[in-house]
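>>> following is a predicted model, sequence given first.
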Amino acid sequence: MKKVTLGAFEEMVLLTVGVLQDNAYGVTIKAELEANMKKTISLGALYAALQRLEEKRWVNSRVGGITEERGGRRKQYFDITKEGVLALNEVRAMRNELFDRLPEHKVQWLNL
C-alpha cells in the first residue's frame, strides 16, 4: 500500500463523513466538525477538503433528490469508501506507534 498523506483537517473531515454515514452533506459535516473542533469552519475549506478526499478516492459523492425546502436544489452527499477507512486505519496505526514510543515521564505529564 502506498504511503498515506492525510492532513489533520482532512482526517477530521474523513472521520466525520464516516460518522454521519447516510446524512453526510455540507451543512451536517460542517456542524459536526465545528462541534468537535470547537471552532468555525468555512464551507469553502470544507468543500476543498472533500474534493481532495474524493480525488484520493477516500470519499464518493452523490446527489440527492430535489426538495422543496431547499428551493428545488439538490444536496450533495458524501460516503467514506473502503480505501478511506483503510487510510484512517493506517494513520491511526502510525499515531499509536509513535505514542507508544513516548518516554514514560512524558506520558505521565499527559496524565495518562
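Great, that's in hand.

>>> which residues of this protein fall in strands?
59-66, 74-80 (DSSP state E).

>>> just the helices in this structure please.
For the chain, the helices defined by DSSP state H occupy 8-20, 26-37, 43-55, 82-100, 104-109.

>>> alpha carbons only: can I get the first one in PDB?
The one in question is helix 8-20. Taking C-alpha atoms only, helix 8-20 is exported to PDB below (Å, rounded to 0.1, in the frame of the first residue of the first chain):
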ATOM      1  CA  ALA A   8      -5.200  16.900  10.200                       C
ATOM      2  CA  PHE A   9      -8.200  18.800   8.800                       C
ATOM      3  CA  GLU A  10      -8.700  16.200   6.000                       C
ATOM      4  CA  GLU A  11      -8.500  13.500   8.700                       C
ATOM      5  CA  MET A  12     -11.300  15.200  10.700                       C
ATOM      6  CA  VAL A  13     -13.400  15.600   7.600                       C
ATOM      7  CA  LEU A  14     -13.000  11.900   6.600                       C
ATOM      8  CA  LEU A  15     -13.800  10.700  10.100                       C
ATOM      9  CA  THR A  16     -16.900  13.000  10.200                       C
ATOM     10  CA  VAL A  17     -18.100  11.700   6.900                       C
ATOM     11  CA  GLY A  18     -17.800   8.100   8.300                       C
ATOM     12  CA  VAL A  19     -19.600   9.000  11.500                       C
ATOM     13  CA  LEU A  20     -22.500  10.800   9.700                       C
END
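
>>> quick one: buried residues of it?
Across helix 8-20, burial judged by 16 or more other CB atoms under 10 Å covers Phe9, Glu10, Glu11, Met12, Val13, Leu14, Leu15, Thr16, Val17, Gly18, Leu20. For the C-beta atoms, the positions are set from N, CA and C on the backbone; glycine is no exception.
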